[in-house]
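1. below are the sequence and a predicted model for it; my questions follow.
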Amino acid sequence: MLISNTQGQCAIIMFDVTARLTYKNVPTWHGDITRSVDVKNRQIKAKQVIFHRKKNLQYYEISAKSNYNFEKPFLYLAKKLAGNMNLHFVEMPALAPPEVAFDIAAQESIEQEICMPAFQPLPDGDDEAFE
């Protein structure tokens with residue numbers, strides 16, 4: 001993942017390390033986007049990723065699948081846009097899921113109500129049901 005910030009314009013360029021063609025397109029995309037460092041069939045080795053160094057861009061390897069470094073490009077971008085390299089994200093508190101009282105009999109009744117109209121014949125006229 002490469003990040004660029006030019007005159008207030010920002011871009012995140014992502015490429016898939018399992019697909020060589022996506023990295024070959026990075027110079028063309030230097031203003032446009034793809035992912036995956038947690039796969040076994042990686043086709044682009046870390047030492048081959050050099051475009052960001054040529055253009056003085058920030059680079060992060062991320063994985064949406066395993067959440068590896070997932071927040072880093074967004075934090076970097078926020079720091080650059082805010083002009084504050086000490087900026088940090090605050091963790092959200094772990095919220096307990098809402099407790100829901102589950103009445104099986106009521107659910108079955110609702111499901112029957114939903115299914116019944118499917119087996120009923122349609123009215124002859126368009127507006128008959130609303131009169």
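-> Done, it's in.
2. what stretches of this structure score poorly on pLDDT?
-> Residues of the chain that meet the criterion pLDDT under 70 lie in 1-11, 30-40, 42, 64-65, 100-102, 110, 114, 117-120, 122-131.
3. show me where it has its helices.
-> 20-24, 26-29, 51-54, 72-82, 104-115 (DSSP state H).
4. any chance of these in a markdown table, plus mean neighbour count and distance to I44?
-> For glycine as for every other residue, the C-beta is placed from the backbone atoms N, C-alpha and C. Converted to a markdown table, these look like this (neighbours: other Cβ atoms under 10 Å; distance: least, Cβ to Cβ, whole Å):
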| stretch | mean neighbour count | distance to I44 |
| --- | --- | --- |
| helix 20-24 | 15 | 5 |
| helix 26-29 | 14 | 10 |
| helix 51-54 | 13 | 11 |
| helix 72-82 | 15 | 17 |
| helix 104-115 | 9 | 50 |
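5. turn those helices into TSV, columns for distance to S63.
-> Putting these into TSV (distance: least, Cβ to Cβ, whole Å) gives the following:
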stretch	distance to S63
helix 20-24	15
helix 26-29	18
helix 51-54	18
helix 72-82	11
helix 104-115	39
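6. out of these, which gets nearest to A94?
-> Proximity to A94 (Cβ to Cβ) singles out helix 72-82 among the helices of the chain, at 20.1 Å.
7. elements contacting that closest one?
-> strand 2-6, strand 9-13 (3 or more Cβ pairs under 8 Å, 6 or more residues apart in numbering; DSSP states H and E).
8. if we can go back for a sec, wait, which of the helices of the chain is closest to N41?
-> Per Cβ to Cβ, nearest to N41 of the helices of the chain: helix 20-24, 11.3 Å.
9. which one of the helices of the chain lies closest to E61?
-> helix 72-82 (9.2 Å).
10. how about the contacts made by Q48?
-> Counting by Cβ atoms under 8 Å, 6 or more residues apart in numbering, Q48 makes contact with Y23.
11. against L57, how distant is it?
-> 16 Å (Cβ to Cβ, to the nearest Å).
12. just give me the neighbour total for the nearest residue to A19 once chain neighbours are set aside.
-> Nearest non-adjacent residue to A19, counting by Cβ to Cβ, 6 or more residues apart in numbering: Q43, 6.6 Å away. By the other Cβ atoms under 10 Å criterion, the neighbourhood of Q43 contains 14 residues.
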